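Participant: with the input below, show me the fold.
(2 chains)
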Amino acid sequence: MSKKTARALVSTMIIGGALALLLSISLSEGAQYYKHVDEVMVSPEQWYGKNLQMHGFVVDDSHFVNPKTLEHKFSVRTGAHVVNATFTGVVPDTFKNGSEVVLTGQLSADGFKVAPGGVMAKCPSKYEAGKTGSAGK
Amino acid sequence: MSSLGTFLILTAFVVASGACAASIAGARRQQRNLVFGGLGLFHVVTALMVVASAVLVHAFVVGDYGIRYVQRYSNAEQPLFYKLASYWGGLDGSLMFWATLLAAFGSVAVYVNRERHRLLIPWVVAVISLVEMFFLFLMVIHNNPFETYLTTRPTAGEGLNPLLQNFYMAIHPPLLYLGFVGMTIPFAFGIAALATGQLDDSWLRAVRRWTMSAWLFLTVGLALGALWAYEELGWGGYWGWDPVENAGLLPWFTGTAFLHSVMVQERRGMMKVWNVSLVIVTFFLTIFGTFMTRSGVVQSVHAFGEDRELALMFTVFMVALLTVSFGLVVYRMPLLRARNELDSWASREAAFMANNWVLLFAAFFVLFATMFPTLSEALRGERLTVGPSFFNKWMAPVGMILLFLTGVGPLMAWRKTAFSSLRQQLLWPVLGGLTAGSGAVALGIPFWSSGLCFGLCGFVSTTILQEFWRGALVRRQTTGTDLFTALVGLFARSRRRYAGYIIHLGIVLIFLGFAGGGFGREEMANLEPGQQIELPPFMVRHIALTVTDDGRKQMVTAEVEVLQDGKSLGRMYPARWFWRNRESEPTTEIALRRGFAGDLYVNLAQYEPATQTATLEVKINPLVNWIWFGVGVMFIGTIIALLPERAMAFATSRVPEGAVTTTMVLILAAAFGVASLHAQHVVPSQTVSVVARTPLERRLQGEIICMCGNCGRKRVGECTCLKANQMREEIARLTKEGKTYDEIIQYYIAQYGSQEVLSAPLNQGFNRLAWFFPYAVGAAGVGLIGVLAVRWSRRNRVTPGTAATPAYDAALERRLDDELRDLD
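Facilitator: Predicted structure coming up:
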């Protein structure tokens, strides 16, 4: 191996290593678990305080909103498991009873508290009716 | 009709396989007849796809709901424009649209290059045919847009999702597809060069323009998608790092890298393996993006449905693509050796390399983060996701490095830059950067979130201005013309380079818009009529809530007044629309007051018609419009770069001195005149077409304007304010009373004391002048251009016995060329 190649290899390894280290640090801070309601609610205690993205369907007629404070209360279900969620803010246009949602936030004994801007709702639209679409953030 | 469509797709598949086989056989046996046969067959595929598209469009227009796809994505009420847009509104149609565009692009590309690149063409046809066959295969076996209902034929369609019934959304997908499809052409030429071993720079010359066009389509497509998200989704942002958005961004990064590194190969004969690999990777990413968004492998807000069968087919295609492509690269490695080595790290080629590494890193980081949930599930059995903040944390520094390189690159010389020259070149840009950065910090803007970006924007724009200034000075000296003429002459002499600077200027403007995001503000409150939200320098007062209906949708509209320093700036109308048959999915119609300093963004979050209360979300999005403006500048720069050489020859040969200056001044005056009009214009978010009951009512609604004083003279049929509502009711009352058109017009003229209430003056008496005037001006303009064209061309004709024009003698031309070359 020539001196030049060795130098290039070492530089690449140092830069690559530094980037990999930074990436793993920021991943451990920024990553969230992506779970369905039933996966979490089997033993909810072990998920308390963890950053979660929770996938489920809004239970029919469970959505209530205080128009003055924009406090939303609703239940989300996957299979037989249900979790109560609270959120303050503006929900996307596609959020409604029965819609498929992904909520970002944390679980506690009081229920699932959705982080600001943490409601993503899917809607029947673009590619597969009944499943898909573009929704607000 | 559906059988005809299916038959056409099947035939296209068979003919495409014929084109592929004939081309490969022709290339290997070196038989021209077979090669021409392959070419001809490929054109037949294009014709078949165009006819198949026409059949599908016809089905949409006439409402043939027996076809599943038509029934699912359109209905009778949809305007024609959105019926046409429904063609690519769903998965099956989007695949067909892709295949049609690919065939059309391929036909043009092979036709243009058929003589110049004789050896490559059969392989190009073979590669494009193979890709075409893949998409046709998907349609034949899995996603046929002509599939019909087997039992009862529905009588009505479901309609395109209201969210997608937006102008930007209708044109954003086709532009993105054009970008994706366009990247197939450079790939096909790259593979052809590898297959034939013709790996000199000629294949690069053939694909440069194609890549640039595809890149332009991608850029504009991405920008329109962002604009759609900003205006339609009601969350106040324009980019959320969603997998669907990222799918378009990935090939953009590698395409941008290729457009830069191709210059290194052309000038220095280096980076050959890199360039051919970039072309392969860019094409791969277009396919991968499609796979990612349509197979359900990645969870997305957009969530394009899970389809394991489709995922499998895409996977097989991608694995084959990578194996064959990189197999060929390895096989041809001996022919891909660089002609030169890197002389110094302080050189332009090194700057390009750095830019390529950063762009490639950006592409792979976005790919990694997008695929992270899938990867983590595969590796750890647990699905982990990362949010927009994770992307922003990484991509903001990457963006800053790229912006910095945008400024440094042009200052470097090829091969090696002397330190003294670099110091001299850097002086003004560094001063510009420091001034902009410190100015921003002095204004209280945080350094890390925005100040640094402002500083770098200052640095890069000073670099660009300096390049134009120095170039124009040199050219003025050598040609003796004025500065403006010299400036335009620069484009004629070194078009790609200076067009590139304009594109960089667009990038700077876009980054200005990004920097603005660092100090946006927002407030939200539940307001009764008369109450207000303060968000300095604005105050937004809630006036009233109205519920109207135009036959297609019910609209809940809040009327709010915007005040600044106690003075009213006008009214805004944020709304929620409830479309017929989709009442449970209201769409948010935000109201925007656009400005160069920023947008005032008002969203009706909640409402209570009984009490007239509205929860309003008010945001100030600083500098956001510079993003769209920057994309416009990039568009202009790319178009200049794409112009044929002779298009600008006028700047050096035909136009008399001073003519360019006058033209530039006129263009600038026109541009800024229009810009100031836009800057003052309040744009309400929605146009409401209220159903008129009779043709007379409709005609009157189109000819009488709203007299509220705040709507910018909108026609009452289009205006959403309360006054327009009253005027519409009045028109309805007058027509019901049996009044004629003339009587109603006279009634309004009498009421407002002049013809000001009419959208156009009455065509009678003195007013005819107003009608006549535009035609007269137009005719005079055409006449003037004709006369000038004749005079200018005469002036340059050299008559025997007289000397040629001294300003353009050959010696000066040569000197100028030499000096400009030194600048490169």
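Participant: what about stretch A:77-97, start to end distance?
Facilitator: With CA to CA, to the nearest Å as the measure, stretch A:77-97 spans 11 Å from end to end.
Participant: what about stretch B:375-385, average pLDDT?
Facilitator: Confidence over stretch B:375-385 (mean pLDDT, whole number) is 83.
Participant: give the buried residues for that stretch.
Facilitator: B:376, B:383-385 (16 or more other CB atoms under 10 Å in any protein chain shown). Every C-beta, even on glycine, is put in place using the N, C-alpha and C of the backbone.
Participant: now these in JSON lines, with secondary structure?
Facilitator: Shown next, in JSON lines, are those (DSSP: H, G, I helix; E, B strand; the rest coil):
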{"residue": "B:S376", "secondary structure": "helix"}
{"residue": "B:R383", "secondary structure": "coil"}
{"residue": "B:L384", "secondary structure": "strand"}
{"residue": "B:T385", "secondary structure": "strand"}
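Participant: and those residues, which two are furthest apart?
Facilitator: Farthest-apart pair in these is B:S376 and B:T385; separation 8.2 Å (CB to CB).
Participant: give me the subset of the buried residues of stretch B:375-385 touching chain A.
Facilitator: For chain A, the contacts drawn from those by CB under 8 Å from any CB of the partner chain are B:376, B:383-385.
Participant: roughly how far does the most centrally placed residue in chain A sit from chain B?
Facilitator: Centroid check for chain A by CA atoms, centre = their mean gives A:Q53 as the closest residue, at 2.6 Å. Going from A:Q53 to chain B by CB to the nearest CB, to the nearest Å gives 5 Å.
Participant: just the element for that residue, please.
Facilitator: strand A:51-58 (DSSP states H and E).
Participant: quick one: the helix or strand following that strand near chain B?
Facilitator: Sequence-wise, the next helix or strand downstream of strand A:51-58 (DSSP H and E) is strand A:64-66. Yes. Counting by CB under 8 Å from any CB, chain B is contacted by strand A:64-66 at A:V65.
Participant: the longest helix belonging to chain A vs strand A:51-58, what angle?
Facilitator: Longest among the helix segments of chain A by residue count, using DSSP state H, is helix A:3-30. Interaxial angle of helix A:3-30 relative to strand A:51-58 (axes from the mean of the first three to the mean of the last three CA atoms, to 10 degrees): 60 degrees.
Participant: for helix A:3-30, which positions count as buried?
Facilitator: Neighbour counts over helix A:3-30 (16+ other CB under 10 Å) mark A:27, A:30 as buried.
Participant: one step back: include distance to B:Y752 when you put the buried residues of stretch B:375-385 into CSV, please.
Facilitator: Supplementary listing: the buried residues of stretch B:375-385 in CSV, determined by distance: CB to CB, whole Å:
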residue, distance to B:Y752
B:S376, 68
B:R383, 65
B:L384, 66
B:T385, 60
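Participant: mean pLDDT per helix and strand in the chain: which one sits at the bottom?
Facilitator: Going with chain A. helix A:3-30 (a mean of 81; mean pLDDT, DSSP states H and E).
Participant: actually it's chain B I care about, not the one you picked
Facilitator: That would be, for chain B by mean pLDDT, DSSP H and E, helix B:659-680 at a mean of 47.
Participant: show the subsequent helix or strand relative to that helix.
Facilitator: Assigned by DSSP H and E, the successor of helix B:659-680 is helix B:695-703.
Participant: give the next helix or strand downstream of that following helix.
Facilitator: That would be, after helix B:695-703 and using DSSP H and E, helix B:722-736.
Participant: quick one: the very next helix or strand once past that following helix to chain centroid distance?
Facilitator: Sequence order places helix B:741-752 as the next helix or strand after helix B:722-736, per DSSP H and E. Mean-position distance between helix B:741-752 and its chain equals 45 Å (CA atoms, centre = their mean, to the nearest Å).
Participant: for helix B:741-752, packing partners?
Facilitator: Here helix B:741-752 touches helix B:695-703, helix B:722-736, going by 3 or more CB pairs under 8 Å, 6 or more residues apart in numbering or on different chains; DSSP states H and E.
Participant: now the residue in the stretch 51-200 of chain B that chain A sits nearest to. Its backbone dihedrals?
Facilitator: Closest contact between the stretch 51-200 of chain B and chain A, by CB to the nearest CB, is at B:N161 (3.6 Å). Main-chain torsions, B:N161, degrees, to the nearest 10: phi -50, psi 130.
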